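> Next come a sequence and a model predicted from it.
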Amino acid sequence: MTCDSCTRSIKNVIKNAYPQSTVDLSLNSTELLISTNSEIQLGKLNEIVSQLGDYKITDKKSDVATFVKFELETNDKPAFKKIKNYFDDKKPLLIALFVVIITSTCLSINSDSDELFNKFLSYYMGMFFVIFSFLKLLSVKGFASSFSGYDMISKKIYKYSLIYPFIELVLGLYYLSGNTNLFVSIFVIFIMISQTYGVVNVVLNKKSIRCACMGESINLNISEVTLLENIVMILISSYMIYNFIF
């Protein structure tokens, strides 16, 4: 390994192969530590990392510095540790959602009491779309590759996944400017249902598929948190539609 990017690439590719594992690897060390409750084969590991370059992992209990330790976690570990590992894995997404909620609260706090809730929802939608569009715009092609793997519209029309980050950015700026519109809310429900349908299939079938919501720069698999995030957006848009009609 010659740079931090190499290290991240190796860690990410192993995490994709073993989603429930934790991978410890640094540029200053040639020791790779994988902690998991799954069976790991050294041959498969080498097959995975060899796709990234001239890398090889060996398991040597000697003075040779280059080796891999296999630490098998048992299923009877304390419940709090399981919960901690779960939330550690989802930390980037949870932090992003926390920032969205806090910022939306600050922006709406001085609104009139009868408009406070509606303003909060509008700012929440705006901050959500702006923050997540930024992450996607860092690598549009990388995002599109992941997004088209589960989003129903992108599976049919790949170009849609390429313009989706820009759609999110426009929607975010629209909501942050204080605008709400019946047809915009209907459009948001439409695009979110397309994603949610794919996410439900992934979660129910327990597939290991990269979540495109955080873009290409953050390695995160689709999970129940992703599903909840989409459902919340659908519910907020449905509430806005209800307000327009009634």
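In hand now; what should we look at?
> In the chain, mark out all the strands, start to finish.
22-24, 31-36, 67-72 (DSSP state E).
> which other residues reach the first one?
The set of residues that contact strand 22-24 without belonging to it, under Cβ atoms under 8 Å, 6 or more residues apart in numbering, is 11, 14-15, 32-36, 85, 88. For the C-beta atoms, the positions are set from N, CA and C on the backbone; glycine is no exception.
> List the buried residues of that strand.
Neighbour counts over strand 22-24 (16 or more other Cβ atoms under 10 Å) mark 22-23 as buried.
> and what of the second one?
Taking 16+ other Cβ under 10 Å as the basis for neighbour counts, the residues of strand 31-36 that come out buried are 32, 34-36.
> okay, who's weakest in the contacts of strand 22-24 by pLDDT?
Lowest pLDDT of the contacts of strand 22-24: T36, 71.
> how's this protein carved up into domains?
Domains of the chain are assigned by automatic domain parsing as 4-79, 90-245.
> For I241, give its distance to I222.
27 Å (Cβ to Cβ, to the nearest Å).
> likewise S146?
For S146 relative to I222 (Cβ to Cβ), the value is 9 Å.
> out of the two, which sits in the more crowded spot?
Neighbour count, other Cβ atoms under 10 Å: between S146 and I222, I222 has more, with 25 against 22.
> shared neighbours of S146 and I222, anything?
209-211.
> From the residues you listed, pick the one nearest N181.
C211 (28.5 Å; Cβ to Cβ).
> and stretch 100-109, how far from the chain's centre?
22 Å (Cα atoms, centre = their mean, to the nearest Å).
> any idea of the mean pLDDT in that stretch?
The model assigns stretch 100-109 a mean pLDDT of 96.
> What lies in contact with it?
With Cβ under 8 Å, 6+ apart, stretch 100-109 has contacts from 116, 119-120, 122-124, 126-128, 131, 176.
> Can you pull out the low-pLDDT segments for this structure?
By pLDDT under 70, the weakly predicted segments of the chain are 1-5, 20, 27-30, 37-38, 59-78.
> What is the neighbour count of K90?
18.
> err, L227, not the other one
Using other Cβ under 10 Å: L227 sits among 17 other residues.
> got it, and L107?
18.
> So which residues of this protein form helices?
With helices called from DSSP state H, the chain shows them at 4-17, 42-49, 79-89, 91-108, 116-137, 140-147, 152-156, 158-176, 182-204, 224-245.
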